[in-house]
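Novice: Got a sequence here, can you build the structure:
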Amino acid sequence: MQPGAEQIAADVRLALQEDVGSGDLTAALVPPGIAEARILCRQQAVLSGIPWAEEVFAQVDATVDLFWHLSDGDQMEQGQVLCEIHGEAASILTAERAALNFLQTLSATATSTAAYVKAVAGTGVKILDTRKTLPGLRMAQKYAVTCGGGVNHRIGLHDMVLIKENHIAAAGSITAVLRKAADLYDGIPVEIEVESLAQLQEALEAGARRVLLDNFGLEALEQAVALNAGRARLEASGGVDYDTVAAIAATGVDDISVGALTKNVAAVDFSLLFA
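Specialist: Below is the predicted model of the structure:
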């Protein structure tokens, strides 16, 4: 799921506005002339963010040319050159930081996602993202999740109904809130969060077709899978990290959502160097 050109351009305009502002003061120190540069990765990682990096250079100076040796979703090795750049030296330097910021952040999300996906390989379980994204970069990070082999959950509050504990409390019961959702949202996916096997039973009896099991232990997850008997799609959430995700997948749930994919971002180390 790659965002459209307008979304990417808007992301980049904001990044350049906060970095370049009214102008790059150091650009005047750089003699005019064409330079050759390259972007390299200093660690093993999964690449993501090429469309944003390209847009940064295009907005700074459309005459700068980028030649990529890898594609988004590719594995990068330590010290590998992934892009060669040809253009005005001052323009390359003005664009450098914003382009690398996109690459380091989105590649971090893709790399983390790929590690979770690898941990559950062979189980059929899908690794899902959440709405716990960096402000202003939701679509970019959602794209990065797909570069790492993960699957996008809902984009926001507008495209799917996720009924949580406070919605249930306000509506009076699981049954009541599911009935209201069915009346209001024909054709829109509806998921309900439950915190116990009793709540799961009520949700299933009320016709739930997608259920989020919130902070269930492994034994409770296995019991939930047995109780469900294939009636609804089950998503495990809470308490998920690299050490626990394989065991959670082994319980038989369908999906595991991981907020850490997008909120716990450990930037990938990139450098731009002149030849």
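
Novice: what residues does the lowest-mean-pLDDT helix or strand in the chain touch?
Specialist: Least confident element among the helices and strands of the chain, by mean pLDDT, DSSP states H and E: helix 165-171 (a mean of 93). Helix 165-171 is contacted from outside by 174, 177, 180, 192, 193, 195, 214, using Cβ atoms under 8 Å, 6 or more residues apart in numbering. The way it works is simple: take the backbone N, C-alpha and C, and place the C-beta from them, glycine included.

Novice: Put together TSV for the residues you listed, with neighbour count, pLDDT and distance to residue 19 on each row.
Specialist: As requested, the contacts of helix 165-171 are arranged in TSV below (neighbours: other Cβ atoms under 10 Å; pLDDT from 0 to 100; distance: Cβ to Cβ, whole Å):
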residue	neighbour count	pLDDT	distance to residue 19
174	24	97	48
177	22	96	45
180	14	95	46
192	26	98	43
193	22	98	39
195	17	97	44
214	17	97	39
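
Novice: could I get these as TSV with secondary structure and distance to residue 128?
Specialist: TSV is the format used below for the contacts of helix 165-171 (DSSP: H, G, I helix; E, B strand; the rest coil; distance: Cβ to Cβ, whole Å):
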residue	secondary structure	distance to residue 128
174	helix	22
177	helix	22
180	helix	25
192	strand	16
193	strand	14
195	coil	19
214	strand	14
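
Novice: Can you tell me which of the residues you listed is nearest residue 42?
Specialist: Each of the contacts of helix 165-171 was scored against residue 42 by Cβ to Cβ, and residue 214 proved nearest at 38.5 Å.

Novice: So what sits opposite that closest one in the bridge?
Specialist: Residue 214 has these beta-bridge partners by DSSP bridges: residue 237.

Novice: How many neighbouring residues does residue 251 have?
Specialist: Neighbourhood size, residue 251 [other Cβ atoms under 10 Å]: 23.

Novice: And it, how far from residue 209?
Specialist: The gap separating residue 251 from residue 209 is 20 Å, by Cβ to Cβ, to the nearest Å.

Novice: Need the mean per-residue confidence for stretch 241-252.
Specialist: Across stretch 241-252, pLDDT averages out at 97.

Novice: Buried residues of it, list them for me.
Specialist: The neighbour-count check on stretch 241-252 (16 or more other Cβ atoms under 10 Å) flags 245, 246, 248, 249, 251, 252 as buried.

Novice: which ones among those residues are found in helices?
Specialist: Using DSSP state H, 245, 246, 248, 249 are the members of these that sit in helices.
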